[in-house]
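A.B. asks: Next comes the sequence, and after it the predicted model I'd like to discuss.
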Amino acid sequence: DPMRSLHVVPSLDDHMGGSVHAAVALAAHLGARTDVETVLASTELPSDDHGYLDRMAPDVPVHAKVMSNQLNAGQVNWVTDQERFGNLLDLNGNDCYFFPTHNPAWPADPWLQNTSYDIQRSFARKPVFNSENHIVPDGSTHYQAPEHFRAALWQGAIHGQGSTTIWVWERDFTNRWGFIGSVMERPGSAQAVGATCLDLNRLAEEVTALATVKAPVAIVYSMSSIIRRGNEHTGAIWRVYHALNHCGVKIDFISEKQLASGKADDYLLIISPEAETLRDDAFAGLRKAAKAKLLLIGANFARNEYGKKRDESAVAALLARGEKLEDGDAAKVLWPALRSKLAEVGGAPEYTVVDAKTNEPAWGLEWLPARIGDRWVVNAINFTGTPIDIKILKAGQSVAARDLLSLGEPPVTALKTLTPVLAEVR
């Protein structure tokens with residue numbers, strides 16, 4: 001129904017100085033200009049659909065697959081607002097990928113899956129159901145090691161995936177739909193999927209603890225900045241996320257709505273990367289935050305969501321409370337700086353995974369500790385193409401650990417490429 005592409009927004013009168021209600025077209029459908037009024041109004045449409053479904057079948061959990069374009073500024077007109085979807089539905093619905101790179105030095109691209117799940121989990125504390133999980137490119141006939149499938153599924157669970165269906169279990173002889181080369185035609189990968197599923201169920205307590213670790217840090221996610229200055233904001237978010245992902249901590253995102261609600265003080269550290277445009281209520285909420293340390297990258301808070309310049313003295317006062325962080329390469333500039341800042345605010349992890357040769361953290365290792373009663377586990381994976389001998393340290397001292405994922409639970413001394421380890425610390 002084309003009328004579904006229209007939405008009445010009474011609140012625009014207050015911001016635009018008009019005296020009549022404004023009807024705006026859904027940008028993705030009718031090609032209207034992608035401005036803040038269009039995008040934000042259009043994101044309200046799914047709420048009507050969910051209300052209808054809820055009335056029809058109130059006891060049936062509702063799930064909708066959402067494309068993972070939340071950090072793609074060029075697709076803002078798709079209006080798939082992850083926060084709105086997550087809070088409307090009973091499960092976080094997802095469609096994303098964990099593709100091979102064909103680069104021997106870094107053979108997989110985990111970033112879309114990692115950020116997608118972390119954003120959804122931050123906005124709505126519900127399991128992620130990836131109902132279209134692309135682990136290899138559609139229609140690909142290139143060989144893919146089974147370890148790639150295992151890494152995608154295991155790490156997905158660590159970042160909040162509660163269930164998934166892999167695209168696709170289907171046979172095709174024309175490749176018209178890109179079905180050739182699917183997991184059913186890859187026996188080693190199918191076996192890896194089955195084994196990983198069994199491991200995730202066998203170790204559900206440990207995986208749940210890792211997936212629900214409290215994050216000490218949150219990255220500001222401003223839809224207003226994505227609309228107004230998309231590439232600057234999302235590019236800075238990517239760099240910050242890449243760096244934090246090697247710090248051994250859970251990473252949250254915090255939305256403008258959450259900032260407005262006072263959620264900033266749930267964290268030790270708030271990082272605002274190029275959030276030059278921020279909603280007025282989010283700005284007010286951030287000004288009230290009293291506990292979280294504020295780190296600033298690039299231009300921040302100068303305008304509200306409608307592009308109007310904010311009072312300069314108010315902006316200057318908030319910026320003065322924060323600390324400016326030099327932007328730059330994620331590995332060379334941001335990673336060491338953020339490890340230092342986490343330590344300063346008491347957010348450094350209890351256990352640290354280091355290169356055994358240098359006794360220092362190594363770029364390419366993602367790791368996360370979690371406490372379960374009186375014991376600790378550390379999940380770790382090596383995304384580089386080279387095996388790395390490791391140690392697990394607590395307060396600078398090496399501790400013994402055994403791998404719960406390996407037969408016989410051997411000591412943890414190395415990380416192979418794309419082979420997760422679940423270390424129980426003794």
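C.D. replies: Received the coordinates, thanks.

A.B. asks: Show me where this structure has its helices.
C.D. replies: Along the chain, counting by DSSP state H, helices occupy 12-16, 27-30, 36-42, 45-56, 82-88, 111-123, 146-158, 187-202, 204-211, 223-244, 256-260, 280-288, 312-321, 335-344.

A.B. asks: What is the last one packed up against?
C.D. replies: Here helix 335-344 touches helix 223-244, strand 269-273, strand 293-297, going by 3 or more Cβ pairs under 8 Å, 6 or more residues apart in numbering; DSSP states H and E. Placement of C-beta: from N, CA and C, glycine included.

A.B. asks: Give the buried residues for that helix.
C.D. replies: Residues of helix 335-344 classed as buried: 335, 337, 338, 339, 341, 342 (neighbour count, 16 or more other Cβ atoms under 10 Å).

A.B. asks: need the helices of the chain in JSON lines with distance to residue 95, can you?
C.D. replies: Shown next, in JSON lines, are those (distance: least, Cβ to Cβ, whole Å):
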{"stretch": "helix 12-16", "distance to residue 95": "32"}
{"stretch": "helix 27-30", "distance to residue 95": "16"}
{"stretch": "helix 36-42", "distance to residue 95": "19"}
{"stretch": "helix 45-56", "distance to residue 95": "15"}
{"stretch": "helix 82-88", "distance to residue 95": "12"}
{"stretch": "helix 111-123", "distance to residue 95": "9"}
{"stretch": "helix 146-158", "distance to residue 95": "13"}
{"stretch": "helix 187-202", "distance to residue 95": "18"}
{"stretch": "helix 204-211", "distance to residue 95": "20"}
{"stretch": "helix 223-244", "distance to residue 95": "19"}
{"stretch": "helix 256-260", "distance to residue 95": "23"}
{"stretch": "helix 280-288", "distance to residue 95": "28"}
{"stretch": "helix 312-321", "distance to residue 95": "37"}
{"stretch": "helix 335-344", "distance to residue 95": "30"}
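
A.B. asks: Of all those helices, which one is nearest residue 100?
C.D. replies: Nearest to residue 100 among those is helix 146-158 (5.9 Å), distances taken as Cβ to Cβ.

A.B. asks: Buried ones in the closest one, by neighbour count?
C.D. replies: Buried-residue list, helix 146-158, by 16+ other Cβ under 10 Å: 146-158.

A.B. asks: Could I get the average pLDDT for that helix?
C.D. replies: Averaging the model's pLDDT scores along helix 146-158 yields 98.

A.B. asks: ditto for stretch 408-421
C.D. replies: The pLDDT scores in stretch 408-421 average 97.

A.B. asks: Look at stretch 329-341 and report the distance between its end residues.
C.D. replies: Taking Cα to Cα, to the nearest Å, stretch 329-341 runs 17 Å from one end to the other.

A.B. asks: Also stretch 340-358?
C.D. replies: 18 Å.

A.B. asks: how about it: buried residues?
C.D. replies: Under 16+ other Cβ under 10 Å, the buried positions of stretch 340-358 are 341, 342, 345, 347, 348, 349, 351, 352, 353, 354, 355.

A.B. asks: before we move on, the earlier item: distance to residue 70 and pLDDT added to the buried residues of helix 335-344, as JSON lines?
C.D. replies: Output for the buried residues of helix 335-344, formatted as JSON lines (distance: Cβ to Cβ, whole Å; pLDDT from 0 to 100):
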{"residue": "335", "distance to residue 70": "23", "pLDDT": "98"}
{"residue": "337", "distance to residue 70": "25", "pLDDT": "98"}
{"residue": "338", "distance to residue 70": "21", "pLDDT": "98"}
{"residue": "339", "distance to residue 70": "26", "pLDDT": "98"}
{"residue": "341", "distance to residue 70": "25", "pLDDT": "98"}
{"residue": "342", "distance to residue 70": "24", "pLDDT": "98"}
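
A.B. asks: nearest to residue 416, of those?
C.D. replies: Nearest to residue 416 among the buried residues of helix 335-344: residue 335, at 22.7 Å, using Cβ to Cβ.

A.B. asks: Just give the nearest non-adjacent residue to the closest one, would you?
C.D. replies: Once flanking residues are discounted, residue 335 sits nearest to residue 243: 4.2 Å by Cβ to Cβ, 6 or more residues apart in numbering.

A.B. asks: And for residue 359?
C.D. replies: In space, and not counting its chain neighbours, residue 359 is closest to residue 391: 7.1 Å by Cβ to Cβ, 6+ apart.
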